[in-house]
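Engineer: Sequence and predicted structure are below.
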Amino acid sequence: MKAFSYVTVQTAASAVELVREQGRFLAGGMDLLGEMKEGLVEPALLVNVKALPGTREVVASPKNVSIGANVTLTTLADHPEIRRLLPGLAQAAEEAGSPQMRNVATVGGNLAQHSRCWYYRQRDVRCMKKGGPRCFARGGENKYHSLFTKTMCLSPCVSNLAVALAALDASVVVQRGANTVTLTLAQLYEKAWTEAKSHHSLAPDDLIVRVEVPVVAGALSVYVKIAEKNDFDWALVSCAAAGRIEGGTFRDVRLALGSVAAIPWQMKEVSAFLEGKSATAETAAGAADILLRDAEPREHNGFKVPLAKALVKRALLALAT
Amino acid sequence: MPWPKATRYLGKETPRVDGPAKVTGRAKFTSDVAPAGVLHGAIFRSKWAAARVKSVNLEKAKAAPGIKAAILAHEGEFDVRYYGDEIAAIAGTSKQAVLDALALIEVSAEPKDFVVKELDAVKTDSPRVAAGNANLTEGAAKATGDVEAAFAAATAIAETTVSTPTQVHHPMESHGHTVQWDGDEMTAWSSTQGVFACRDIFAKSMNVAQNKVHVICEHMGGGFGSKFSPGVEGALCARLAQAAGVPVKLMLTRFEQGLAVGNRPSSFQKLKLGAASDGTLTAFEIYSIGTPGYSSGANQGGGSGGASFPAPYIYKPAATRVKQGSVAVNAGQSCAFRAPGHPTASAGMEAVLDDLAAKLGMDPVEIRLKNDPNEIRRREYVIGAEKFGWKEKFKKPGASTGPVKMGVGCAGAAWMSGGRGTQAEIQVNADGTVEVRVGTQDLGTGSRTVVQVVAAELLGLDRDRITAHIGDSRLPPSGSSGGSATTASVSPAIFDACENVIAELKKLSGLDDPRGANWKVACAMIGAAPLQVRGKWREGLSTGGAGGVQFAEVAVDTETGFVAVKKILVVQDCGLVVNRLTCESQINGGVIGGLGYALYEQRVMDARTGFVLNPTLENYKMPGAADMPDIEILLIDMPERGVIGVGEPCTVPTASAIANAVANALGVRVPDLPITPDRVLAALGKVPKETATTMAERSREVESAFASVAAAPGAPWVDGNSGCHPYT
């Protein structure tokens, strides 16, 4: 780890002003410190954003839930309003990392985390995410990699929260210069979909300040994942679903898959397909087929197709029960 | 056996004497030792999987701020054989200074072609790992009886191909040492399974007399076979300390653990087993290959000499043909790993046995009762089946309904154990307190507690009157902690010393029995100089040979491929139980290790870079608390046999029993360990063609590798003789 300067800021505007190109924001540090220790990044300056006012709160109103970027995953998982209004989000938070990690990991950090691809994380591999010419996972060990890609990079988005929030139609408020901009989850990861080098759409001086989740009367949500271990392991595939069940039929349901693409994988067509259909295993299977239709399995990740289909079915049926 | 029948401590439950120190952080491990002025050491490792190193320039590193010593691992030109091979080492005043200076070391090298996967390395056009030598070495076929005739006459034949992973050593405490020189005398605080072995190896490598080397290991965080010697890191640490003239601490990082400290060799096994209509095994054949790392050899005994393993393991078919090969790859070398060879042997043999039972329509327990030559294990199957509820739980393979299928399986183990040679000294002070000194070490098995309770039992004292001193090469000698031999080697020496203490005290006090209530009176006769007596291991108090069987119950989700182990029942014969708590703790650990082998652990190599892709605990997956099944242990006490170690047999059958339970649940075998969700879904035929094609290609390569082993004439058979892996 290279020597660096450290500063604590009190306003988001000064945070983005200070961080510029060479700095990095530090919140929980779960991702950043790992990258620094591996020598993957060598920031000259760490801008501690943990003290930013208003970023540690969860505020629930009848219309929406506002979640500060510095809310920890433990808080998110345990928060009574989140559990009541957005159970899928609480489940996603609960499934991330270990208890020790969740105690310090933050909402902002979870969304902005970098690739977990084992080629990217290997200190001596110069892959496309590090500006190299090739993706080593292509033709290599790609068991944990994407089924859907637009670029040559096969690294998937593994943020649990991103998947749950995408299904919940949440938006992410980002401090950009003196102003804030609001992004959908699709927009937050769009650049990772279109540029191999990117982990997400945020510029180095873009700072996530909060997440806004709409509250819809009668809406349900759920998050399911399968990893190789029971706990403290990355999802092989995860699936979030949110929407309503009316008279035994699906209404306004959105699905998202994690660990299968550089973005939370969603298709508007799936929501249209589900609309008004009876909440049965057959309907769920139909939705899964559409969502996985364009999958491009690789040498070692084909299992993700049946796994994702199983999770879509379970998520939708869980929504209905 | 002369051990007492009515006991206060032996066979009872005594908490670890050093437990409080460990859980409060007071226990000092190697990394906690900090002699004045200690420097941080680190190793500079190869970034090539294979290269000819022409020169190494340490000048810039030496000149870096805080760097006090820099040394080469080799003089002159040399070959690096894997990613992580040692090239140089430096020591400096801070960890950061050392990490920064590592980046300044310049190496001139010619990279060479390399191969890191077994199935690539057996191909004739593969790069050679050792110039001039074939990668594949194999023993001559070892045959008994007329194998062809026996198969021709068999009622049923099962053919099963399995593979087992390279399992990497990841003890909780990494490998490392702190070394301090005082003139030509050397003190090493080592994380080791053998303080005397370390002393002798340090003396040799540093060219100093054995009586000038002092090795200390008060506490250590696991070794599992990988810490018998100081290792390359120990030699480099000692040389750095010598060069710097101040103490140096060199602890490996988790990343380095993933590359360079040893592993259990992989295996690909093609097994064929035939039986008569009553289930009696009549014919057996195996072809196998595996990799022990960059250096291969034709040792057929299992253990760490090659990738071979005992076959047909614990069973005795009348006619057998065994042909095993080891293939070198450009990857870290194997070493002893808890029950070397046995879990690998068990994974193949117990699989083909269950597949044969299915063909015969026999119950897996029945076929074992029919064929297991060991009377104790047969008894254990009967006891275990009853306790486990086998008759109610066992259904025909694949009979479980619903998306989540239940399955059960079982498997057996054998281990030589044994142990001898320890000496011990007991000092009795005039106040009646006792100090027991023995140069063993606590690998994690609870040796310090064993020493204390054996002495307390035989002297008739409360155990808190007794202090146990271990983990020091200046104490009376004891062997390395390996082969499940420690307790059986140490306990008799304490017994012998206690007898001598009692004899001395009788003489001194004139009392008929100075033990127990008379102890204080007897000890009052001891003058200013404490009473010191010695004892040594002797025949008749301990023995070898432990078996054990295990039963597993699993739930397999056929939609996601996820395997949940619900229950493991261990029936373990164990001679005289010295301390029930630490004995059961050993068995719990063995089961957990086996669970990792069954479901999670595997080294993943990248063919194009030659790198280990999972040198971290993020991706090298080990069982965690949430993965624990209900582990139930039935100890079959046989005090009449004396002390027998159980540290290794208890890890042998776990993975086989789990794999058999998964096969029982699904009705198809998942042929490869670890049994991960992708492999379960593949075995169920659920993966799309892109991945299925890759797997079919791999199967062809496996077959071709077996053909290479079968075709090669092979070197003369060498029977294993390391003493830690004979089997019965």
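Structural biologist: Alright, I've got the coordinates.
Engineer: ok so residue B:269 is a helix residue?
Structural biologist: No. The assignment for residue B:269 (DSSP: H, G, I helix; E, B strand; the rest coil) gives strand, which keeps it out of a helix.
Engineer: Pretty sure residue B:605 is one of the things residue B:611 touches, is it not?
Structural biologist: Yes. When contacts are counted by C-beta atoms under 8 Å, residue B:611 is listed as touching residue B:605 (7.4 Å). Just so you know, the C-beta spots here come from the backbone N, C-alpha and C atoms, and that holds for glycine as well.
Engineer: In terms of pLDDT, where does the residue located most distally from the centre of chain B sit?
Structural biologist: Distance from the C-alpha centroid of chain B, by C-alpha atoms, centre = their mean, peaks at residue B:510 (49.4 Å). Listed pLDDT for residue B:510 reads 95.
Engineer: gap between it and chain A?
Structural biologist: Residue B:510 sits 62 Å away from chain A, going by C-beta to the nearest C-beta, to the nearest Å.
Engineer: can you pull the contacts of that residue?
Structural biologist: Going by C-beta atoms under 8 Å, 6 or more residues apart in numbering or on different chains, residue B:510 touches no other residue.
Engineer: switch the cut-off to 10 Å
Structural biologist: Contact analysis of residue B:510 by C-beta atoms under 10 Å, 6 or more residues apart in numbering or on different chains lists B:522, B:525.
Engineer: So for chain B, which residue is the most central one in space?
Structural biologist: Centroid-nearest residue in chain B: residue B:338, 1.7 Å away (criterion: C-alpha atoms, centre = their mean).
Engineer: from memory it sits against residue B:193, does it?
Structural biologist: No. Here residue B:338 lies out of contact with residue B:193, judged by C-beta atoms under 10 Å, at a distance of 11.2 Å.
Engineer: Give the intersection of the neighbour lists for these two.
Structural biologist: B:222, B:223, B:224, B:225, B:226, B:482.
Engineer: how much space between the residue nearest to residue B:223 when sequence neighbours are not counted and chain A?
Structural biologist: Among residues not flanking residue B:223 along the chain, residue B:193 sits closest, at 4.2 Å (C-beta to C-beta, 6 or more residues apart in numbering or on different chains). According to C-beta to the nearest C-beta, residue B:193 stands 28 Å off from chain A.
Engineer: quick one: which helix or strand includes residue B:193?
Structural biologist: Counting by DSSP states H and E, there is no helix or strand that carries residue B:193.
Engineer: Residue of the stretch 551-700 of chain B nearest chain A, please.
Structural biologist: Using C-beta to the nearest C-beta, residue B:691 is the residue of the stretch 551-700 of chain B that sits closest to chain A, at 2.7 Å.
Engineer: which residue packs closest to that residue, ignoring adjacent ones?
Structural biologist: Using C-beta to C-beta, 6+ apart, the closest residue to residue B:691 is residue A:302 (2.7 Å).
Engineer: Wait, the one you found touches residue B:687, no?
Structural biologist: Yes. Judged on C-beta under 10 Å, residue A:302 makes contact with residue B:687 at a distance of 4.0 Å.
Engineer: how close does the residue of the stretch 301-450 of chain B found nearest chain A sit to residue B:36?
Structural biologist: Across the stretch 301-450 of chain B, the shortest distance to chain A (C-beta to the nearest C-beta) belongs to residue B:403, at 8.3 Å. Taking C-beta to C-beta, to the nearest Å as the measure, residue B:403 falls 64 Å from residue B:36.
Engineer: burial count for residue B:692?
Structural biologist: Residue B:692 has 15 neighbouring residues, counting by other C-beta atoms under 10 Å in any protein chain shown.
Engineer: show me the contacts for the closest residue to chain A within the stretch 201-350 of chain B.
Structural biologist: As assessed by C-beta to the nearest C-beta, chain A sits closest to residue B:255 within the stretch 201-350 of chain B, at 8.1 Å. Shown in contact with residue B:255 (C-beta under 10 Å, 6+ apart): A:37, A:38, A:122, A:123, B:45, B:84, B:174, B:612, B:615, B:616.
Engineer: Distance of the second one relative to chain B?
Structural biologist: Residue A:38 sits at a distance of 8 Å from chain B (criterion: C-beta to the nearest C-beta).
Engineer: which residues touch the closest residue to that residue other than its chain neighbours?
Structural biologist: Distances taken as C-beta to C-beta, 6+ apart put residue A:123 closest to residue A:38, at 5.0 Å, once the chain neighbours are dropped. Residue A:123 makes contacts with A:37, A:38, A:39, A:40, B:47, B:255, B:611, B:615, as judged by C-beta under 10 Å, 6+ apart.
Engineer: again with residue A:10
Structural biologist: Per C-beta under 10 Å, 6+ apart, neighbours of residue A:10: A:49, A:51, A:52, A:53.
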